[in-house]
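**Student:** Here is the input, now give the coordinates:
(one chain, ligands or ions: 1)
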Amino acid sequence: MSQEWAQRYGGALMNTFGPPQRVLVRGEGPYVWDADGRRYLDLLGGIAVNALGHAHPAVVAAVTEQLGTLGHVSNFFATPAQITLAEKLLGIVTPGGAPDGSRVFLANSGTEANEAAFKMARRHGGPDRPRVLALAGAFHGRTMGALALTHKAAYREPFAPLPGGVEFVPFGDVAALEAAMGDDVAALFLEPIQGEAGVRPLPAGYLTRARELTTAAGALLVLDEIQSGMGRTGTWMAHHLPWGEGVVPDVVTLAKGLGAGFPIGATVALGEHAATLLGPGQHGTTFGGNPLAAAAALAVIGVLEDGLLEHVTAVGTWLKEKLGGLGHAGVGEVRGEGLLLAVDLADPVAKEVCAALLDAGFIVNPVREDALRLAPPLILTQEQAQTFVDALPTALAVVGAEGRR
Ligand SMILES: *Cc1c(COP(=O)(O)O)cnc(C)c1O
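**Tutor:** I've put the predicted structure just below:
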């Protein structure tokens, strides 16, 4: 079954992702099943998307109800779901409540959320502020604007020329940021935890200094919480963790876990000038703010509010300790917060280890040649996580990755 589907995939789909590892037909909770009936524990969660696992009753009910009531309207009109969601998001991104004037733009994906933030930066800066700063290792998306902010040359260079003015500063280097910052900078884009670069949190103190520098220069501080936000780290936003030191950014971008599988993105602009960053006619989207997506996101927020953040902290802390405490020579540092974790390997065999784990019924991701990424559903239980802890040494043994090379 799977093999036949895989062949048809190759004959019909653009080859942007390489061959699919499995063809999946069903999901329930943290598990998915392939076309041959095999079950997998989904520890990647659709890349930090399936926050509530698969087929969560609250999301299914909310989307079904909304689709049976009002599925889509153009942005010439508004819906209660869209308005309620925007109000909720304003409350979530700033623990003390969003400052007056804060506003939300709703889109359909992460890259679109960052496109809107990029346009806000251009509007904020005007011709006097042509420069936009991002970090080495940054991943902000694949559309042309977000791609310009993405560091990996192999992603960017085939599509040059990209929107100009973007400069990359070394990761976590305060002195380099101080040197690069100036009154010709429109915005600084940061991921509190770089996901695609291997689950790499900003060093302590960096965010605070970045806030001071952007404030002094009059530049926007944009936090890309697309992967790290919406409860992933056990707090609503990763920058709410203690090392965020209470920093309030100017713009926060969200997507991935926000709709728990229903495509949605959001650009949340904070503060008195937020409302004026983009005015009538300066940006738009047909689907953004769609009531189905808004209903899905509201359902996700409802479940998160119901004690799930505490659960993420508990299970995430436990899992990190267990993996770190394996005492396996093939396993190095375990990084990350909550349920966004990376496991460093002693050898560059992450792909092989992931393949062995897949064969054993576990979906994880080789985020780097020598690191595994875990971004499981936030509903993952300790017992389910334990099965992975037990399976990892076996998978390392299968590929001979026992740290002795
Ligand atoms: C995934 C991701 C994006 C892009 O989101 P898409 O929905 O794939 O466009 C942007 N920034 C970060 C930090 C991400 O992890």
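
**Student:** what's the nearest residue to G101 if we skip its chain neighbours?
**Tutor:** E272 (4.0 Å; C-beta to C-beta, 6 or more residues apart in numbering). No exception for glycine: its C-beta is placed from N, CA and C like everyone else's.

**Student:** Now that neighbour: phi and psi?
**Tutor:** Main-chain torsions, E272, degrees, to the nearest 10: phi -70, psi -30.

**Student:** wait, what's in contact with it?
**Tutor:** Going by C-beta atoms under 8 Å, 6 or more residues apart in numbering, E272 touches P99, D100, G101.

**Student:** Would you mind measuring from L220 to F118?
**Tutor:** Distance, L220 to F118, using C-beta to C-beta, to the nearest Å: 10 Å.

**Student:** Residues that sit against both of these two, list them.
**Tutor:** Contacts common to L220 and F118, judged by C-beta under 8 Å, 6+ apart, are A187.

**Student:** coming back round to it: from the contacts of E272, which single one is nearest V312?
**Tutor:** P99 (26.8 Å; C-beta to C-beta).

**Student:** burial count for the closest residue to the ligand within the chain?
**Tutor:** Minimum separation of the chain from the ligand (C-beta to the nearest ligand atom) falls at G110, amounting to 2.1 Å. For G110, the neighbour count with other C-beta atoms under 10 Å is 29.

**Student:** likewise T387?
**Tutor:** 13.

**Student:** so how far is whichever strand or helix holds it off the chain centroid?
**Tutor:** In the assignment (DSSP states H and E), T387 maps to helix 382-398. Helix 382-398 sits 25 Å away from the centroid of its parent chain (C-alpha atoms, centre = their mean, to the nearest Å).

**Student:** pLDDT (mean, whole number) over that helix?
**Tutor:** For helix 382-398, mean pLDDT is 97.

**Student:** which residues are contacting it?
**Tutor:** Looking at what lies outside helix 382-398 - C-beta under 8 Å, 6+ apart - the contacts are 30, 41, 43, 314-315, 318-319, 322-323, 326, 328, 330-331, 343, 345, 353, 356-357, 360-362, 364, 374, 376, 402.

**Student:** Repeat that for stretch 79-92.
**Tutor:** By C-beta under 8 Å, 6+ apart, the list of residues contacting stretch 79-92 reads 66, 70, 73, 97-98, 102-104, 106, 236-237, 254, 266, 268, 289-291, 294-295, 297-298, 301.

**Student:** Toward the C-terminus, what is the element adjacent to the host helix or strand of H124?
**Tutor:** Here H124, judged by DSSP H and E, is contained in helix 110-125. Note on helix 110-125: by DSSP H and E, the next helix or strand toward the C-terminus is strand 131-135.

**Student:** Walk me through which strands that next one pairs with, and which way each runs.
**Tutor:** strand 166-169 (parallel), strand 185-190 (parallel) (DSSP bridges).

**Student:** quick check: angle from that strand to helix 110-125?
**Tutor:** Angle, strand 131-135 to helix 110-125, by axes from the mean of the first three to the mean of the last three C-alpha atoms, to 10 degrees: 140 degrees.

**Student:** which residues in the stretch 201-350 of the chain form strands?
**Tutor:** 220-224, 251-254, 265-269, 331-337, 340-345 (DSSP state E, counting those that start in this stretch).

**Student:** picking up where we left off before, most packed of the strands paired with strand 131-135?
**Tutor:** With neighbours taken as mean count of other C-beta atoms under 10 Å, those reach their highest mean count in strand 185-190, at a mean of 26.

**Student:** For that strand, which outside residues touch it?
**Tutor:** 114, 117-118, 120-122, 124-125, 129-135, 138, 140, 149, 165, 177, 181, 202, 207, 210, 213-214, 217, 219-224, 250-251.
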